[in-house]
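In: Coordinates only, no sequence provided:
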């Protein structure tokens, strides 16, 4: 059975996102003292007195304003009202009900759904409040999302309206796919095309998306959580005011990368910018499976008249030049407008997640490295010979390989890159970062590790890399 949906609605700037974050017990929605900060509806699982629920944060309900994003925000809010099981109507308890408050109340009464009237920004029970009974929605719950006053009473009212059957939080086994990139490269358009409906507000104005918007879906029998993020601009643009809206937008996008399994870096067909490099670098350092999506590719083909393969080769060469550290990432040329390549892109993004959890048997790994050393031994440095003793994979997600050598400080980074290329050529690490660490000597291994390596080597019919003592020390 699906978890009950609880929508928080109200006019702009009454504290809906602050209440949403408090109920979710984490900072999901961007909170600013600025009307219209929230645009897309946000979802989060929460626990209401031991009952599993999903809460929805909505943009400010404003049917009077007809310009800018307001009509799209209103459509998002109406959708949330339609799908909700319980509605929390949040008002400003310090002010008399406005025309918008009365309009919202009328809309909510027509839904014939349970509605809880909550008067926010009331910091204590002795504080005078406005006449909210005129809204004809019953006794208001006095509360403050900022201080927590009255929130427990609000959750008690919600719990009373929940279905009586016992519910537990199901395990979230979905693949989390984050779409990240600069502003206005088409992340929200790609999200909407994948879902088949307008989940995120789309506009040619950069910075339309402000929160990280999560949407769950079934993609070819695989549960997926699609995360549409705010565009990340250059750090210098947001450094001066760390409390600014844009600073929090970027912060949410970086957190979306941290909680994702695979990151789709959305670039424009016009070229690679410095910010693309920084975004890709963050995903790489976070150890995430990574895929590059070059959006608006239909425009390039129409403007240049080049054959698709020729134009793609030129762009791939540019990616290698500007993003060499994620050369392992597959590149897809897509168009959110026409749908070209979008399905294949998501298929590939889901498939490379498995490579994060790939584990190489120690004996097979050492056999691969031994053969590579025989063909291409590490060069000596000033007459000092470098010996690769042993290698083992110690971690997954991302795969991490420890290579023991007698002189780790003398191993050139180009040889480490050579070892990485050899391993990638043999094992399925496409689309994921591979970390190789050098350590001093094989004597650091425990007796159990040496015995396990020998057993695996014997079972595989291979010889283990030389495990003798380092006899050429000064």
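Out: Structure received. On a predicted model such as this, the values are computed, not experimentally measured, just so you know.
In: Quick check: residue 322 vs residue 278, distance?
Out: 11 Å (Cβ to Cβ, to the nearest Å). Glycine gets a C-beta too; all of them are placed from N, C-alpha and C.
In: Pull the contacting residues for residue 220.
Out: residue 347 (Cβ atoms under 8 Å, 6 or more residues apart in numbering).
In: now it: how far from residue 351?
Out: Distance of residue 220 to residue 351, given as Cβ to Cβ: 11 Å.
In: do the same with residue 50
Out: Distance, residue 50 to residue 351, by Cβ to Cβ: 38 Å.
In: So if I had to pick from the two, which one is more boxed in?
Out: A side-by-side neighbour count of residue 50 and residue 351, using other Cβ atoms under 10 Å, places residue 351 first with 17 against 9.
In: pLDDT at the more buried one, what is it?
Out: With respect to pLDDT, residue 351 scores 96.
In: in which helix or strand would I find it?
Out: Using DSSP states H and E, residue 351 falls within helix 342-356.
In: Then residue 251?
Out: For residue 251, the element it lies in under DSSP H and E is helix 245-258.
In: What segments of the stretch 351-474 of the chain are strands?
Out: Along the stretch 351-474 of the chain, the segments classed as strands by DSSP state E, counting those that start in this stretch run 388-395, 400-405, 435-440.
In: closest one to residue 359 among these?
Out: Closest of those to residue 359 is strand 388-395, at 5.9 Å (criterion: Cβ to Cβ).
In: Which elements pack onto the closest one?
Out: Applying 3 or more Cβ pairs under 8 Å, 6 or more residues apart in numbering; DSSP states H and E, one finds that strand 388-395 makes contact with helix 362-375, strand 400-405, helix 447-460.
In: Quick check on residue 163: phi, psi?
Out: Backbone torsions of residue 163, given as degrees, to the nearest 10, read phi -60, psi 150.
In: now it: how far from residue 23?
Out: Residue 163 sits 18 Å away from residue 23, going by Cβ to Cβ.
In: Looking at these two, which has the bigger crowd around it?
Out: Neighbour count, other Cβ under 10 Å: between residue 163 and residue 23, residue 23 has more, with 23 against 11.
In: Report pLDDT for the more buried one.
Out: At residue 23, the predicted lDDT confidence score is 93.
In: counting contacts, what elements does the one helix or strand residue 22 maps to pack onto?
Out: If you go by DSSP H and E, residue 22 is part of helix 16-24. Under the contact definition 3+ Cβ pairs under 8 Å, 6+ apart, helix 16-24 sits against strand 5-9, strand 42-48, strand 51-57, strand 86-92, helix 151-161.
In: The closest residue in space to residue 172 that isn't next to it in sequence bridge partners, please.
Out: Distance criterion Cβ to Cβ, 6 or more residues apart in numbering; nearest residue to residue 172, sequence neighbours excluded, is residue 225 at 7.5 Å. Counting by DSSP bridges, residue 225 is bridged to residue 176, residue 216.
In: so residue 225 sits right up against residue 216, yeah?
Out: Yes. The pair residue 225 / residue 216 is scored as a contact, 5.4 Å apart, by Cβ atoms under 8 Å.
In: what touches both of the two?
Out: Among the neighbours of residue 225, those also in contact with residue 216 (Cβ under 8 Å, 6+ apart) are residue 174.
In: Same drill for the two, tell me which one is more crowded.
Out: Higher neighbour count among residue 225 and residue 216: residue 225, with 17 against 13, using other Cβ under 10 Å.
In: Please tell me how far that one sits from residue 43.
Out: Residue 225 is 10 Å from residue 43, where distance means Cβ to Cβ.
In: buried sites along stretch 48-66?
Out: The neighbour-count check on stretch 48-66 (16 or more other Cβ atoms under 10 Å) flags 48, 51-63, 65 as buried.
In: Tell me how this protein divides into domains.
Out: 5-161, 175-356, 362-460 (automatic domain parsing).
In: what's the burial count for residue 143?
Out: Neighbours around residue 143, by other Cβ under 10 Å: 26.
In: Pull up the gap between the nearest residue to it once chain neighbours are set aside and residue 22, please.
Out: Nearest non-adjacent residue to residue 143, counting by Cβ to Cβ, 6+ apart: residue 150, 3.0 Å away. Remark: distance between residue 150 and residue 22 (Cβ to Cβ) = 11 Å.
In: swap in residue 227?
Out: For residue 227, the distance to residue 22 - Cβ to Cβ - is 22 Å.
In: How about residue 384?
Out: Here the criterion is Cβ to Cβ. By it, residue 384 lies 61 Å from residue 22.
In: more neighbours, these two?
Out: residue 22 (21 against 12).
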